[in-house]
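S.K.: just need the structure, nothing else, for what follows:
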Amino acid sequence: MNNIPHSLRLAAASLLILTACAGARSPAPEAESPVVALWQQIKSANADLQCDNSSQCHSIGIGAKACGGPENYLAWSSKNSDGAQLKALVAQHSAARREDDQRKGMMSTCSVVSDPGASCRAGVCTLNPQSAVNPGQPTSK
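M.R.: Sure, this is the predicted structure:
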């Protein structure tokens with residue numbers, strides 16, 4: 001082996017390493033979470049937000065924070081639907097979000113997102129504006 005030039009030995013070693021690396025498998029792609037597909041189904045199931053009055057408008061918590069509770073709220077209308085399909089999809093979506101958060105080790109601020117409720121405005125159910133006052137903080141009169 002002493003008769004083989006140093007550069008040739010380095011080239012052979014490099015070729016051996018490159019061959020080994022080329023044969024290595026890349027990690028398996030992470031299974032795609034159903035969260036995105038469920039969100040699309042929720043948007044589709046909640047496309048009809050028509051209302052005649054605010055009694056037909058409701059809010060529902062969506063997603064899941066790592067500390068518990070919903071990430072946000074969504075307005076929906078009971079004028080043409082009882083909301084059963086929407087509620088089932090939202091429950092599946094929240095469970096998938098919790099599973100994703102747990103698998104990824106996600107953290108949360110643990111802040112509480114309060115339910116703003118919903119109202120009928122111009123014939124469409126919309127979420128009420130969120131209050132800028134924090135719970136427990138006195139309001140000015």
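S.K.: can you list contacts of the lengthiest helix in the chain?
M.R.: Across the chain, the longest stretch assigned as helix under DSSP state H is helix 84-104. Contact with helix 84-104 is made by 33-35, 38-39, 41-42, 45-46, 60-64, 66, 70-71, 74, 76, 106, 108, as judged by Cβ atoms under 8 Å, 6 or more residues apart in numbering. (C-beta placed from N, C-alpha, C; glycine too.)
S.K.: elements contacting the helix or strand where Y73 lies?
M.R.: Per DSSP states H and E: Y73 is located in strand 72-77. With contacts taken as 3 or more Cβ pairs under 8 Å, 6 or more residues apart in numbering; DSSP states H and E, strand 72-77 sits against strand 57-62, strand 124-127.
S.K.: of these, flag the one that's most buried.
M.R.: Stretch with highest mean neighbour count among these: strand 57-62 (a mean of 20; mean count of other Cβ atoms under 10 Å).
S.K.: now the longest helix of the chain and strand 57-62, what's the angle there?
M.R.: 20 degrees (axes from the mean of the first three to the mean of the last three Cα atoms, to 10 degrees).
S.K.: list the buried ones in the helix or strand following helix 84-104?
M.R.: The helix or strand immediately downstream of helix 84-104 is strand 118-121, counting by DSSP H and E. For strand 118-121, burial by neighbour count (16 or more other Cβ atoms under 10 Å) applies to A118, S119, C120.
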